[in-house]
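[1] below are the sequence and a predicted model; questions follow.
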Amino acid sequence: MTELLLEMKEIDKSFPGVKVLDGVELTLQRGEVLALMGENGAGKSTLMKILGGIYERDSGSITVKGQAQQQMSTDLAARLGIAIIHQELNLIPHLTIAENMFLGREYTWGKTRVINWRKMAAEARRYLTELGMEIDPNTVVGELSVGQQQMVEIAKALSIQADILVLDEPTAALTNREIESLFRVIDSLKKRGVGMIYISHRMEEIFQISDRITVLRDGQYVGTRVTAETNMDELVKMMVGREIKDRFPKIEIPLGAERLRVAELSRKGKLQHISFAVNSGEILGIAGLMGAGRTELARALFGADAFDSGKIYLDGEEVRIASPSDAISAGIALITEDRKGEGLILSQSVRENLSLPNLSSLSALRVVNRGKESELADVTIKKLLIKTAGMEQTVGSLSGGNQQKVVIGKWLAAKPKVLILDEPTRGVDIGAKKEIYDVMNKLAQEGVAIIMISSEMPEVLGMSDRILVMHEGRITGEFSREEATQEKIMHAAAGGGNMYAS
């Protein structure tokens, strides 16, 4: 009989004015992967923070390896062999990989307090290699990409030798190769008897990696299914309480005149002679592997990073973009890949975040008109269906999907001519994804030219009118919606060129 590693029953949790969890239950067996699914705001991360001792439950029971736990704490969770990789990275950027991995449990020489740096680096390298990550463990974490930092978090969790491992959106920022390495490690951990709770909005991953699936909706337990005995339609209905007929509701829109043209844009070591155009009403997808230069291109177009040569034309006229303010004035908006670090001020309210790019239109004599600001926030919250206790709620306390809606919402009032979306649905549930796609369709109908950068192949194929593929800072492929396939895009993304294009 399979050993029950974890049982959580009748878990309740409330924050001021909001009941987040209501009678939630969950079980985890040794050597299995349990997928935990639900829309943003369903309570998944809150439940895991209760398990990890970050939040205290209001009521309910937690049993770990047969022992009832009256009150969890972060120290107790670690002693019980529970490791959690949170969606928000918990690394210290100015420390090295090895220092981050063994922070608080450093290797020392004998009984002294002198740190054994060589052993620590060797152990860090061993766990990194296990994940297929060949990188110097003495590298400062702040120099790593988001994907590399995520892999360090996973390696750190592996080093604790946990019996229960929680992975909250672990592949959100990983390349396909890194995801394959992670899945191999997960399979190896299963064979060693580790039980894993896997949180992801990527349906294809859930069916590939999990044994059972537990679904939450609006803070309540909906049900658990054996993965092999369910399907995507059933899970979607369980999560959102309704069927979503079309995952990618792309509508055909007659394209207008050329809106943006980029000519020979180059930046040393990052971008090589990038040239393309996008029309009014067009959704131009940009695909490629991590490090291909997609984000660097977005930042250059928005003036966040300088480029060495090349020209940018908007509505047929050359524009000089040396800063984000230049881009905003020209009508170019960017929704960044890193919404927490660059897209939002987490300590400020929803109202304040939504008004940030629109202060000039909301102000007179440099004084913000609070009435106009509140009206803008109210309209945007309703338009994008942002789940919030009110416009004064801090953005940092919202779910990931609702945070992303705030990032999108703050640019809508600015009425951009060109909207650049860098990983617009990363960490967003399937219901919220469809709402974001609907917003994209509406903007395209209004004549906005949309550039969508995405690592999710189904999203690129499903929502783009045309697809560019990048590899090592250059464009290696261009495909129409009709001729694009996953195989063609991956060939170009690997540097193979546009051999399939007609």
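    Happy to help now that I have it. These numbers were taken from a predicted model, which means no experiment stands behind them.
[2] what sits closest to Tyr441 if chain neighbours are left out?
    If you look again at residue 441, you'll see it is Asn, not Tyr. Closest residue in space to Asn441, ignoring its immediate chain neighbours: Ile251 at 5.1 Å, by Cβ to Cβ, 6 or more residues apart in numbering. Backbone N, C-alpha and C define where each C-beta goes, glycine included.
[3] poorly predicted segments of the stretch 1-150 of the chain, please.
    Counting by pLDDT under 70, the stretch 1-150 of the chain shows low-confidence ranges at 1, 17, 40, 87-88.
[4] how about the strands in it?
    All strands of the stretch 1-150 of the chain, identified by DSSP state E, counting those that start in this stretch, fall at 4-15, 18-29, 33-37, 59-64, 67-69, 82-85.
[5] partners of the last one in the sheet?
    In this case it means strand 82-85. Strands adjacent to strand 82-85 in the sheet, as given by DSSP bridges, are strand 164-168 (parallel).
[6] which of the strands of the stretch 1-150 of the chain is buried the deepest?
    Using mean count of other Cβ atoms under 10 Å, the stretch among those with the largest mean neighbour count is strand 33-37, at a mean of 25.
[7] lowest-confidence helix or strand of the protein?
    When the helices and strands of the chain are compared on mean pLDDT, DSSP states H and E, helix 359-362 comes out lowest with a mean of 77.
[8] would you map out the domains in the chain?
    Here the domain assignment for the chain is 4-240, 244-331+416-497, 345-415, based on automatic domain parsing.
[9] tabulate these (CSV), appending distance to Glu337.
    Compiled in CSV, the domains of the chain are given as follows (distance: least, Cβ to Cβ, whole Å):
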stretch, distance to Glu337
domain 4-240, 7
domain 244-331+416-497, 4
domain 345-415, 11
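[10] wait, which of those domains is closest to Arg339?
    For Arg339, the closest of the domains of the chain is domain 345-415, at 5.0 Å, according to Cβ to Cβ.
[11] helices of the stretch 351-500 of the chain, residue ranges please.
    Applying DSSP state H, counting those that start in this stretch to the stretch 351-500 of the chain gives helices spanning 359-362, 370-383, 400-412, 430-445, 457-463, 486-493.
[12] just checking, what packs against the third one?
    Using 3 or more Cβ pairs under 8 Å, 6 or more residues apart in numbering; DSSP states H and E as the contact test, the elements touching helix 400-412 are strand 332-335, helix 350-355, helix 370-383, helix 430-445.
[13] same check on the last one?
    In terms of contacts (3+ Cβ pairs under 8 Å, 6+ apart), helix 486-493 is packed against strand 283-287, helix 457-463, strand 466-471, strand 474-480.
[14] could you list the buried residues of it?
    Residues of helix 486-493 classed as buried: 488-493 (neighbour count, 16 or more other Cβ atoms under 10 Å).
[15] from these, which is closest to Lys417?
    So of those, ranked by how close each gets to Lys417 (Cβ to Cβ), first place is Ile489, at 27.3 Å.
[16] and the closest one, what does it touch?
    When the contact criterion is Cβ atoms under 8 Å, 6 or more residues apart in numbering, the partners of Ile489 are 287, 457, 460-461, 467, 469, 477, 479.
[17] to which secondary structure element is Ser325 assigned?
    Element membership of Ser325 [criterion: DSSP states H and E] is helix 324-330.
[18] for Ala298, see how far away the residue nearest to Pro254 when sequence neighbours are not counted is.
    If you skip the residues right next to it in sequence, Pro254 has Gly281 as its closest partner in space, 6.9 Å away by Cβ to Cβ, 6+ apart. Between Gly281 and Ala298 the distance is 20 Å, computed by Cβ to Cβ, to the nearest Å.
[19] quick one on the thing from earlier: out of the domains of the chain, which comes closest to Asp338?
    domain 4-240 (6.6 Å).
[20] hey, what's the nearest residue to Leu28 once chain neighbours are set aside bridged with?
    Spatially, and ignoring its direct neighbours in sequence, Leu28 is nearest to Leu6 (4.1 Å; Cβ to Cβ, 6+ apart). Per DSSP bridges, the residues bridged to Leu6 are Leu28, Val64.
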